[in-house]
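Visitor: heads up, no residue letters with this:
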C-alpha cells in the first residue's frame with residue numbers, strides 16, 4: 001500500500017522534482033524548498049516563472065520575473081548563471097554537456113559549460129524551449145510554429161510551421177518526433193526523420209476539452225501522456241507515423257474533475273495522473289489497472305515527478321499541499 005509523506009508549503013508549487021534522491025519544490029514566490037535531512041529554503045528569485053532539471057538529474061535551473069537565471073544543486077549549492085535583468089525569463093531548458101537555454105521576449109540565449117554564450121532572435125515571442133536528445137540542437141516554440149537550430153555553426157534555423165500559438169515544445173526520446181502544446185485545446189507534431197527537403201509530415205492531436213499544460217513521454221518514447229481532459233490522454237508513438245490514424249488511450253477517467261498533470265514512470269509503462277481536486281492515481285498503460293496514490297487535497301496538482309528508480313513520486317499543488325509518495329509503502 002502506498003504511503004504519503006505530506007509537506008505543507010503554503011504557496012503555489014510550480015515544480016516538484018527529485019535532484020538525485022532529494023525532493024525539491026519550486027514555488028511561484030521564487031523560493032525553492034529542499035527536503036534533505038530537514039527542510040531547507042532557498043530564495044532564488046523575486047517571482048519564479050520556469051524551471052528545468054539538468055540532464056544529469058543533479059541540479060535545477062530556474063528563471064524568474066527578476067530576469068535572473070539560477071542553478072540549484074542537489075547539495076543546496078546556488079549558482080547565478082545570469083544576473084538580474086529587466087526582462088522576465090519566460091522559458092528555460094537544460095541540455096547536454098551542461099548547456100542551459102532561456103528565453104526573454106523574442107530572444108533565446110544558450111549558455112555553454114565553457115562560458116560561451118549564443119543568442120538566437122525570432123520574429124515572435126518565444127514561449128517554449130527544448131534541447132534535442134542528441135547533439136546541441138535547440139527547439140524554440142513561437143506563434144505559427146517551431147524553429148530548430150544548431151547551437152554551434154552558422155546554418156540557418158529550420159522552420160516547422162503550423163498556424164496558431166505554440167507554447168510548449170518537446171522532442172521524443174528517440175529524436176523522431178517534435179511535439180508542441182498549443183494555445184488552442186490541441187497538440188501538434190512533426191516527423192523529424194523525413195528526407196531533407198521533403199514535405200513536412202504533420203500530426204494533429206485534437207479533441208481536448210481544455211488546454212494541455214502537462215506532457216510526459218514513457219521511458220522508451222512509445223507513449224506520450226497528456227493532461228487537458230477528464231482522463232489522461234495517452235497517444236501511441238511506436239509506429240513510423242506516430243499517432244496518425246490511431247485513437248489515444250484514456251486512462252484514469254473521472255466524470256467530475258480534470259486531469260491537470262501527468263508523469264510517466266521511468267522504468268515501467270505506468271503513468272502517475274494528478275487531478276484538479278488533488279487526487280493522484282497510478283495507471284498501468286497495458287491494462288488500465290489503477291492504484292490510488294493520494295486522496296483529494298486542497299488544490300489542483302500542478303507537478304509530478306518520479307525519482308530515477310521509480311519508487312518515489314513527488315507531487316506539488318496550487319495550494320501548496322505537497323508531498324512524496326512511496327509506492328512500495
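Guide: Yep, it's here. Computed from a predicted structure; not experimentally measured. Numbers count the residues shown, from 1 in each chain.
Visitor: what are the ranges of the helices in the protein?
Guide: Counting by DSSP state H, no segments of the chain form helices.
Visitor: ok, now how distant is the nearest residue to residue 275 once chain neighbours are set aside from residue 154?
Guide: Closest residue to residue 275 apart from its sequence neighbours, by Cβ to Cβ, 6 or more residues apart in numbering: residue 257 at 4.9 Å. (C-beta placed from N, C-alpha, C; glycine too.) Distance of residue 257 to residue 154, computed by Cβ to Cβ, to the nearest Å: 50 Å.
Visitor: who has more neighbours out of those two?
Guide: residue 257 (14 against 5; other Cβ atoms under 10 Å).
Visitor: tell me the contacts of that one?
Guide: By Cβ atoms under 8 Å, 6 or more residues apart in numbering, residue 257 lies in contact with 230, 275, 276, 277, 279.
Visitor: want to throw those into TSV with neighbour count, distance to residue 268 and pLDDT?
Guide: TSV is the format used below for the contacts of residue 257 (neighbours: other Cβ atoms under 10 Å; distance: Cβ to Cβ, whole Å; pLDDT from 0 to 100):
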residue	neighbour count	distance to residue 268	pLDDT
230	18	24	97
275	25	21	98
276	20	25	97
277	17	26	97
279	20	21	98
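Visitor: just give me the closest of those to residue 168.
Guide: residue 276 (19.2 Å; Cβ to Cβ).
Visitor: residue 301 versus the closest one, what's the distance?
Guide: Taking Cβ to Cβ, one finds residue 276 at 8 Å from residue 301.
Visitor: what about the spatially closest residue to residue 40 that is not a sequence neighbour, distance to residue 94?
Guide: Nearest residue to residue 40, sequence neighbours excluded (Cβ to Cβ, 6+ apart): residue 34, at 4.3 Å. The gap separating residue 34 from residue 94 is 18 Å, by Cβ to Cβ.
Visitor: ok, residue 302 next?
Guide: 20 Å.
Visitor: one step back: now do the phi/psi pair for the residue nearest to residue 275.
Guide: The phi/psi pair for residue 257 (degrees, to the nearest 10) reads phi -150, psi 150.
Visitor: against residue 227, how distant is it?
Guide: 12 Å.
Visitor: which residues are in contact with residue 178?
Guide: 139, 146, 148, 160, 169, 170, 171, 172, 189, 190, 192.
Visitor: show me the beta-bridge partners of the first one.
Guide: Read that as residue 139. residue 130, residue 148 (DSSP bridges).
Visitor: how many residues are close by it?
Guide: 26.
Visitor: just the pLDDT for it.
Guide: pLDDT, residue 139: 98.
Visitor: roughly how far apart are it and residue 213?
Guide: 18 Å.
Visitor: over to the fifth one?
Guide: Taking Cβ to Cβ as the measure, residue 169 falls 14 Å from residue 213.
Visitor: give me the more crowded residue out of the two.
Guide: Applying other Cβ under 10 Å to residue 169 and residue 213 shows that residue 169 carries more neighbours, namely 28 against 16.
Visitor: now for the closest residue to the more buried one other than its chain neighbours: which residues touch it?
Guide: The spatially closest residue to residue 169, leaving aside those adjacent along the chain, is residue 141, at 3.9 Å (Cβ to Cβ, 6+ apart). By Cβ under 8 Å, 6+ apart, residue 141 lies in contact with 126, 127, 128, 129, 166, 167, 168, 169, 180.
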